[in-house]
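1. Quick check, what structure comes out for this input:
(2 chains)
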Amino acid sequence: MAEHKTLPEGLKDFSLNGKAALVIGAEHPVGRVAAITLAEAGAKVLIASQEAGTDDALREVAKAIEATGAKALIHVQRAALRADLRAAADLAVSKLGGLDILVTALDSPFYGPAEAADDSAFDRVFEDNFKTAWMAFQEAGRVMLQRGGGVIVNINSVLAERGVPNATLYCAAKGAVRNLVRALSLEWARRGVRLNMLECGWTDEQGSPAIEPGEFSEKLVKYLPYRRLLKPEEIAGALLYLVSPAASFVTGESIAVDGGLLCRV
Amino acid sequence: MILDSFKLDGKVVVITGAGRGLGRAMAVRFANCGADIVAAARTVAQLEETAALVRQIGRKCIIVPTDVGISGQCSAMVAAAIKEFGRVDVMVNNAGIGEDSFGKPIEQITDDEWHRGIDVNLSSQFYCARAVIPHMVKAKRGKIINVASGYGLRGGKHNYMYACSKGAVLQLTRSLALTYAENNIQTNCIVPGIFPHNEAMMKFFKGGKFIPIGRPGQDEDVGPLAVFLASEASNHINGELIIIDGGGLAGGVIPTGVAPGNPS
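-> A predicted model of the protein is given here:
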């Protein structure tokens, strides 16, 4: 990528030239942005899904990446299966020549009163939001530790920090990932693996309650400091900072991309 | 192109405490990303050295000798920046004192020591924000970067003024962020962990061996974070505290390595 050679001196350590990256959950809007961002910054990217049957969505992401002149590989998987995650990590090593960066963009919603939720809801929400992240960190981490280092970023939600009613299991699973990142970052800090998080504010994306027409979304937008929803592409800068060598002294941390929402009383 | 959104071409960045340490490292990094610098601090000789480094890179730098603990000097400094460049795109409130002042029992700390510390570490950030915000409101954009400390989030033995002033900086950041979000002014806070600036501090912090990542912070570590927060790449980040500490604040509940001031 020619433009990297003309980067100002002060931005050279933001470049991902030569890095191998795995993005899990690339069928989600923020996962898609992550994959494109990493490729634009110079990384070779393996685009993996969270859910099976997402071939079309992944192919579209690959196309967007190829439009920037970079190459992209696709791995359709069900990320809740350990064997699939292991295959993804191994594929990165065999096809991209390594695994320097893992980005997980996992999402599985939960709405409804807590007292009515059955155990299958618990299992699904924790499996998709928490256990999958845990297994992905383990599988990618295993490779990174062996190869001398790497960077992991989990794309999460402001609901990792705060609660909302009728989304209890979601808040719990997201918050669990927050503290997993803290603990695991400490365990791997001296072995060259950094772990950090992004916390997205209310996002303008399919399936979000924030875009369903009605009283909730109208009031919500007025409550947001920017009076508008986050566009998925607005996470790109924070993601690139965290995965790049520019953030080599940052680990166990989380950056909220929320326009200031978490400052509210 | 994502990397372009980090560029600071032609931006005017005001930095307090620019004569040494983090402030100088940020000035150099900003200049390396295309920004012009207004360097403020008390000691002219140190400012001259920073200015020389910035000019060597090919960017403009004016120096404004300033005692940031004094309100009038902060507004005069911002006025000097506006006079020279016509605007301030980024205000970095970095000046601070007392990072090595721990250890004095409370009854030995004078009122003057307390007030001087609060003035320089906290009030200066208020004074500079107050002076710069009308210009940013008029320009319909701006970035304010406050520098706090891990001691703003945690306590330390015999650590009063420093912990209090830095903790208050976090709150100043949040309230500025909420208030001026609709004016497209982002206010964020860099929270550095252990960055020893002299031999004595390096010794006090045991060479940073207790830090999870295995080393203390170096001034140059903060530059890229400051660039990110000064650039359009962070336009949706507001009121946020970003901890840059090698993992220190992620833990702290078991005696791994043991930070100074804790029983070992």
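2. For chain A, what's the nearest residue on the stretch 1-150 of chain B?
-> Chain A sits closest to B:Asn32 of the stretch 1-150 of chain B, with a gap of 3.0 Å, by C-beta to the nearest C-beta. In short, each C-beta sits where N, CA and C put it, glycine included.
3. Could you pull out the helices in the stretch 51-200 of chain A for me?
-> Assigned by DSSP state H, counting those that start in this stretch, the stretch 51-200 of chain A shows helices spanning A:55-67, A:82-91, A:119-126, A:132-147, A:168-188.
4. hmm, who's touching the longest one?
-> Just to be clear, that refers to helix A:168-188. Here helix A:168-188 makes contact (C-beta atoms under 8 Å, 6 or more residues apart in numbering or on different chains) with A:109-111, A:114, A:117, A:121-122, A:125-126, A:128-130, A:133-134, A:137, A:141, A:145, A:154, A:156-157, A:159-164, A:194-197, A:251-252, A:254, B:212, B:247, B:250-251, B:256.
5. got it, and stretch A:61-79?
-> Outside stretch A:61-79, the residues within contact range by C-beta under 8 Å, 6+ apart are A:1, A:24-27, A:32, A:35-36, A:39-40, A:42, A:44-55, A:58-59, A:84-85, A:87-88, A:91, A:95-96, A:106, A:132, A:135-136.
6. go again using 6 Å as the cut-off
-> For stretch A:61-79, the surrounding residues in contact (C-beta atoms under 6 Å, 6 or more residues apart in numbering or on different chains) are A:24, A:26, A:32, A:35-36, A:39-40, A:45-50, A:52, A:54-55, A:58, A:84, A:88, A:91, A:95, A:132.
7. Buried members of the residues you listed into PyMOL, please.
-> Only the buried entries of the contacts of stretch A:61-79 go into this PyMOL selection, using 16 or more other C-beta atoms under 10 Å in any protein chain shown:
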select buried, chain A and resi 24+26+32+35+36+39+40+45+46+47+48+49+50+54+58+84+88+91+132
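8. Could you restrict the contacts of stretch A:61-79 to the ones contacting chain B?
-> Checked against chain B using C-beta under 6 Å from any C-beta of the partner chain, those yield the following neighbours: A:Glu40.
9. Which members of the contacts of stretch A:61-79 occur in strands, if any?
-> Among the contacts of stretch A:61-79, the members falling in strands (DSSP state E) are A:Ile24, A:Val45, A:Leu46, A:Ile47, A:Ala48.
10. B:Glu99 - that's part of a helix, no?
-> No: counting by DSSP: H, G, I helix; E, B strand; the rest coil, B:Glu99 falls outside a helix, being coil.
11. tell me which parts of chain A are close to chain B?
-> Within reach of chain B by C-beta under 6 Å from any C-beta, chain A has these residues: A:8-11, A:14, A:37, A:40-41, A:182, A:185-186, A:189-190, A:225-226, A:230, A:234, A:236-237, A:240-241, A:246, A:249-253, A:255-257, A:259-260, A:263.
12. List buried residues within those.
-> Applying 16+ other C-beta under 10 Å to these flags A:8, A:10-11, A:14, A:37, A:40-41, A:182, A:185-186, A:189, A:225-226, A:230, A:234, A:236-237, A:240-241, A:246, A:249-253, A:255-257, A:259-260, A:263 as buried.
13. where does the chain have low pLDDT?
-> Since you didn't name a chain, this refers to chain A. Counting by pLDDT under 70, chain A has low-confidence residues at A:1-5.
14. right idea, wrong chain: chain B
-> Using pLDDT under 70, chain B drops low at B:256-264.
15. which parts of it sit against chain A?
-> B:1-3, B:5-6, B:29, B:32-34, B:174, B:177-178, B:181, B:212-214, B:217, B:221, B:224, B:228, B:233-234, B:236-240, B:242-244, B:246-247, B:250-251.
16. Of the residues you listed, select the buried ones using a PyMOL command.
-> Here is the PyMOL command that picks out the buried ones among the residues of chain B next to chain A, judged by 16+ other C-beta under 10 Å:
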select buried, chain B and resi 2+3+6+29+32+33+34+174+177+178+181+212+213+217+221+224+228+233+234+236+237+238+239+240+242+243+244+246+247+250+251
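17. Now go through the residues of chain B next to chain A and say which are in helices.
-> B:Arg29, B:Asn32, B:Arg174, B:Ala177, B:Leu178, B:Asp221, B:Pro224, B:Phe228 (DSSP state H).
18. what's the most distant pair in those?
-> Maximum pairwise distance in those, criterion C-beta to C-beta, is 32.2 Å, between B:Asn32 and B:Leu178.
19. Nearest residue to the residue of the stretch 1-150 of chain A found nearest chain B in space, please, no chain neighbours.
-> As assessed by C-beta to the nearest C-beta, chain B sits closest to A:Gly10 within the stretch 1-150 of chain A, at 3.0 Å. Excluding the flanking residues, the one nearest A:Gly10 by C-beta to C-beta, 6 or more residues apart in numbering or on different chains is B:Asn32, at 3.0 Å.
20. What segments of the stretch 51-200 of chain B are strands?
-> For the stretch 51-200 of chain B, the strands defined by DSSP state E, counting those that start in this stretch occupy B:61-65, B:90-93, B:142-147, B:185-192.
21. Out of the ones you listed, which is the most enclosed?
-> Neighbour counts (mean count of other C-beta atoms under 10 Å in any protein chain shown) averaged over each of the strands of the stretch 51-200 of chain B peak at strand B:90-93, with a mean of 29.
22. Roughly how far does B:Lys203 sit from B:Glu113?
-> Using C-beta to C-beta, to the nearest Å, B:Lys203 is found at 23 Å from B:Glu113.
23. More neighbours: which of the two?
-> Neighbour totals were compared for B:Lys203 and B:Glu113, and B:Glu113 leads with 16 against 11 (other C-beta atoms under 10 Å in any protein chain shown).
24. Quick check: the closest residue to the more buried one other than its chain neighbours vs chain A, distance?
-> Spatial nearest neighbour of B:Glu113, excluding adjacent residues (C-beta to C-beta, 6+ apart): B:Met161 at 6.9 Å. Distance of B:Met161 to chain A, given as C-beta to the nearest C-beta, to the nearest Å: 25 Å.
25. list the contacts for B:Met161?
-> B:Met161 makes contact with B:Gly98, B:Trp114, B:Gly117 under the criterion C-beta under 6 Å, 6+ apart.
26. got CSV for these, with distance to A:Gln206 and neighbour count too?
-> Below are those laid out as CSV (distance: C-beta to C-beta, whole Å; neighbours: other C-beta atoms under 10 Å in any protein chain shown):
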residue, distance to A:Gln206, neighbour count
B:Gly98, 51, 21
B:Trp114, 55, 16
B:Gly117, 51, 22
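27. can I get the CA coordinates of stretch A:43-59 in PDB?
-> The C-alpha trace of stretch A:43-59 is given here as PDB (Å, rounded to 0.1, in the frame of the first residue of the first chain):
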ATOM      1  CA  ALA A  43      -3.000  -5.700   7.700                       C
ATOM      2  CA  LYS A  44      -3.800  -9.000   6.000                       C
ATOM      3  CA  VAL A  45      -7.200  -9.900   7.300                       C
ATOM      4  CA  LEU A  46      -9.000 -13.200   7.800                       C
ATOM      5  CA  ILE A  47     -12.700 -12.300   8.000                       C
ATOM      6  CA  ALA A  48     -14.700 -14.700  10.200                       C
ATOM      7  CA  SER A  49     -18.300 -14.800  11.200                       C
ATOM      8  CA  GLN A  50     -20.000 -15.300  14.500                       C
ATOM      9  CA  GLU A  51     -22.900 -17.300  12.900                       C
ATOM     10  CA  ALA A  52     -23.000 -19.900  10.200                       C
ATOM     11  CA  GLY A  53     -24.900 -19.100   7.000                       C
ATOM     12  CA  THR A  54     -23.300 -15.600   6.700                       C
ATOM     13  CA  ASP A  55     -21.400 -16.300   3.500                       C
ATOM     14  CA  ASP A  56     -23.000 -13.400   1.600                       C
ATOM     15  CA  ALA A  57     -22.300 -10.900   4.300                       C
ATOM     16  CA  LEU A  58     -18.700 -12.000   4.600                       C
ATOM     17  CA  ARG A  59     -18.200 -11.900   0.800                       C
END
